[in-house]
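Asker: Quick one: sequence and predicted model below, then my questions.
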Amino acid sequence: MREWKSISDKEPERYSCIDSDAAITNCYGIRKKLTEEGRHDDFLRRQGLQVALNKMSASGILVDVTAKKRFKDRLGTENEALQAALQSHIPNEIKPVEERRVIKQKITCWRCRGVGKEIDVKYMKVTFKWLKENPDEERDWIYTIDPCVLCDGQKTITRNLPASEGLALNGYTAVETSAGWRWQKTKPFLTNSKDQVLKYIQHNNHRVAKNKGKDTTEEKALRGLIRRYKKDPVYPLILKIRKVDKLVNTYLGPTYTPDEDSRLRTMYTQNPANGRLSSRNPNLQNLPNPKRAGADQMKNLLEFRRMFVASPGHKLVAIDKKGFEAVITGWFAKDDDYIRWASLGVHAILAWIVLHDQGKWDIPFDPAMPDGDIKAIASEIKSKFGPTYDDCKHVTHLSNYGGTVFRIKHEYPESFPTMKKAQYIQDLYFQTIGKKIRQWQQSVLLEAHQKLYLETPWGWRRYFWDVYTSDGKWGSSAKDALAFLPASAACDIILDDIARVSEIPLMEEALRLQIHDELLYELPDDKYLNSRVRLLKKTMEHPVPQLDDLKIECEVSIGSDWGRMEDWK
């Protein structure tokens, strides 16, 4: 088509028609292209799922407004205590100073017009009248007028520009200078101010972290400072205050205000390029997961989830896939052993291998062991060696998606004070249980580089334009390419689950939230509850035909609110 944007002002009607025609032409062209590629049915299936998503949006989830207010008030009290502790450790010379100035200004005396004399109009009128009546009398005394009472005959006066009322009463102190007064007040140190945090770091001669060559005070940098300067009390306080502020401002702010019926509703969309769902007004897709938070935040996040409650006479049922993306990654890597280990607990198994290599666990990992024995030992290791388990979890997740040793250290500086430790665990991972994962990474990057796109078994396609650089190194799209297939496939499996469950009577209207790998349902708390949960779990564990009938186990929990859920057996 010929260019038409430039005629929008001169020929608005023609511009509008061509604009609409272009959209229709593209629509037909896209449909034709999808049909030729055999992906049009997949597209229609995806769009058909929007009906179930819209019903979930319309239903919303009940919010206990009293619990929300109580939680917000408690966070406010907690924040005040943290702020008081922080301010006591910040030197006054670091804190910001608010200043208001009152200037002394020299101006010409408006009364004597610069002559330096008082001009008394009434007296002058009397004088002129007397002169008319006595023209022959001497007149020298007319010029013997008193000096101006404002300028004292100096022709100029000093006027102070008005200051804000109540400065002294509001904590300001005045410093007089030749030009006027400087009213100053020391303000609290702001944890979200990059400049102020940098000023504190530099004041203490501590090392400033860099991100892409620029100074940074983000969370990862603060965690590095906490590890490096263990005796400094300020950095942990800054991190805690920021997290509390985010909870209050983001998840307890106006956007998360429920409707008049006390239900919070969001609108689900399918906009992300990787095929995952997103939501807006508010964005419930980024709700924090207590299981992935540190111990200091887990309490707050669990209390936050307690705001979301079941309606009277109902229970909330949370169901998520066990080792979801790890299992899918194993399928793409064509590694049946890895799929099995992901189901049993791949992070704990890697911790098992690490601990045995370090001489801290006597029993070597043997893939031939029965599933029950592996699961029992993995569970014991997870409970007894929590830090090692967390380290292995970080390494596994990031390594699967192309994370380098530097990135692992940068993401989790508390766990990995040196790259040597991260390198040690990553090497063990790729030498043992992740051997085929490394091979798959190389093959999938080569495919994306040659075809310029990757496509899931569901027909979802994404293009990648910079997988390898000219010198053979990973380009800017490489890590996105590694993450695309498992992440997009996971979303399609969840969407298929939603569609399948929605075909069950009562379940169609029961879905309340979809957050990453978890679905939250609201079911009647009656004698059929366990039967419905059993049916829900069975439906969600349905073999995935697009992945050679791969079966992914689910974990189910149940409760009256989302923060106090108990495992369902």
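Answerer: Everything's here; your move. Numbers count the residues shown, from 1 in each chain.
Asker: hey, let's count contacts and neighbours off CA atoms from now on
Answerer: Fine.
Asker: any low-confidence regions in this protein?
Answerer: Across the chain, the ranges flagged by pLDDT under 70 are 105, 110-132, 135-147, 149, 159-170, 292-296.
Asker: How is it partitioned into domains?
Answerer: Here the domain parsing of the chain from automatic domain parsing is 5-51, 65-95+189-261, 97-186, 322-567.
Asker: most neighbours per residue, which of the ones you listed?
Answerer: Among the domains of the chain, domain 322-567 has the highest mean neighbour count (mean count of other Cα atoms under 10 Å), at a mean of 18.
Asker: gap between the two ends of it?
Answerer: With Cα to Cα, to the nearest Å as the measure, domain 322-567 spans 13 Å from end to end.
Asker: for that domain, the distance to its chain's centre please.
Answerer: Remark: domain 322-567 is offset 22 Å from the chain centroid, using Cα atoms, centre = their mean, to the nearest Å.
Asker: so what's Gly345 up against?
Answerer: Counting by Cα atoms under 8 Å, 6 or more residues apart in numbering, Gly345 touches 323, 375, 378.
Asker: pretty sure the first one is touching Ser343, no?
Answerer: Yes. Here Gly323 reaches Ser343: they are 5.7 Å apart, a contact under Cα atoms under 8 Å.
Asker: still on that earlier bit, redo the domains of the chain as JSON lines? Include distance to Lys299.
Answerer: Output for these, formatted as JSON lines (distance: least, Cα to Cα, whole Å):
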{"stretch": "domain 5-51", "distance to Lys299": "35"}
{"stretch": "domain 65-95+189-261", "distance to Lys299": "11"}
{"stretch": "domain 97-186", "distance to Lys299": "34"}
{"stretch": "domain 322-567", "distance to Lys299": "10"}
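Asker: right, so of those, which gets closest to Ser279?
Answerer: domain 322-567 (9.7 Å; Cα to Cα).
Asker: quick one: contacts for the nearest residue to Asp525 once chain neighbours are set aside?
Answerer: Leaving aside its chain neighbours, Asp525 sits nearest to His314 (4.6 Å; criterion: Cα to Cα, 6 or more residues apart in numbering). By Cα under 8 Å, 6+ apart, His314 lies in contact with 522-525, 560.
Asker: again with Ser8
Answerer: Going by Cα under 8 Å, 6+ apart, Ser8 touches 15-16.
Asker: which strand of this protein spans the most residues?
Answerer: Assignment by DSSP state E gives strand 97-108 as the longest strand of the chain.
Asker: May I have it as CSV, with CA atoms only?
Answerer: Only the C-alpha atoms of strand 97-108 are listed here, as CSV (Å, rounded to 0.1, in the frame of the first residue of the first chain):
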residue,chain,number,x,y,z
VAL,A,97,18.1,19.6,54.2
GLU,A,98,15.1,21.5,53.1
GLU,A,99,15.8,25.2,52.8
ARG,A,100,13.6,28.3,52.4
ARG,A,101,15.2,31.7,52.0
VAL,A,102,14.1,35.2,53.2
ILE,A,103,16.0,37.7,51.2
LYS,A,104,17.0,41.3,52.2
GLN,A,105,16.2,43.6,49.2
LYS,A,106,17.3,47.2,48.7
ILE,A,107,14.6,49.3,47.0
THR,A,108,14.1,53.1,46.4
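Asker: still on that earlier bit, ok, which of the domains of the chain comes nearest Met307?
Answerer: Between Met307 and those, the shortest separation by Cα to Cα is 5.6 Å, and it involves domain 65-95+189-261.
Asker: pretty sure Lys55 is touching Arg512, no?
Answerer: No. Using Cα under 8 Å, Lys55 makes no contact with Arg512, being 9.0 Å away.
Asker: re the thing from before, what are the pairing partners of the longest strand of the chain, and which direction each?
Answerer: Using DSSP bridges, the strands paired with strand 97-108 are strand 156-160 (antiparallel), strand 180-186 (antiparallel).
Asker: Turn those into CSV, including distance to Thr216.
Answerer: As requested, the strands paired with strand 97-108 are exported to CSV (distance: least, Cα to Cα, whole Å):
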stretch, distance to Thr216
strand 156-160, 44
strand 180-186, 25
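Asker: just so I know, which of the ones you listed lies nearest Gly275?
Answerer: Between Gly275 and the strands paired with strand 97-108, the shortest gap by Cα to Cα is with strand 180-186, which sits at 50.2 Å.
Asker: Put the alpha carbons of the closest one into CSV.
Answerer: Included here for strand 180-186 are C-alpha records, laid out as CSV according to Å, rounded to 0.1, in the frame of the first residue of the first chain:
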residue,chain,number,x,y,z
GLY,A,180,18.9,37.6,54.3
TRP,A,181,17.9,34.5,56.3
ARG,A,182,18.2,30.8,55.4
TRP,A,183,15.5,28.8,57.2
GLN,A,184,16.7,25.2,57.3
LYS,A,185,15.2,21.9,58.4
THR,A,186,16.8,18.4,58.4
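Asker: quick one: contacts of that strand?
Answerer: Under the criterion Cα under 8 Å, 6+ apart, residues 92, 95-104, 160, 167, 171-176 lie in contact with strand 180-186.
Asker: Please, where are all the strands along the stretch 251-400 of the chain?
Answerer: Using DSSP state E, counting those that start in this stretch, the strands found in the stretch 251-400 of the chain span residues 263-264, 267-269, 278-280, 308-309, 314-321.
Asker: how about a markdown table for those strands, with distance to Thr25 added?
Answerer: Shown next, in a markdown table, are the strands of the stretch 251-400 of the chain (distance: least, Cα to Cα, whole Å):
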| stretch | distance to Thr25 |
| --- | --- |
| strand 263-264 | 39 |
| strand 267-269 | 24 |
| strand 278-280 | 28 |
| strand 308-309 | 46 |
| strand 314-321 | 41 |
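Asker: what's the closest of those to Arg46?
Answerer: Among the strands of the stretch 251-400 of the chain, strand 267-269 comes nearest to Arg46, with 11.0 Å by Cα to Cα.
Asker: Give the other helices and strands that that closest one contacts.
Answerer: Applying 3 or more Cα pairs under 8 Å, 6 or more residues apart in numbering; DSSP states H and E, we find strand 267-269 packed against helix 50-59, strand 278-280.
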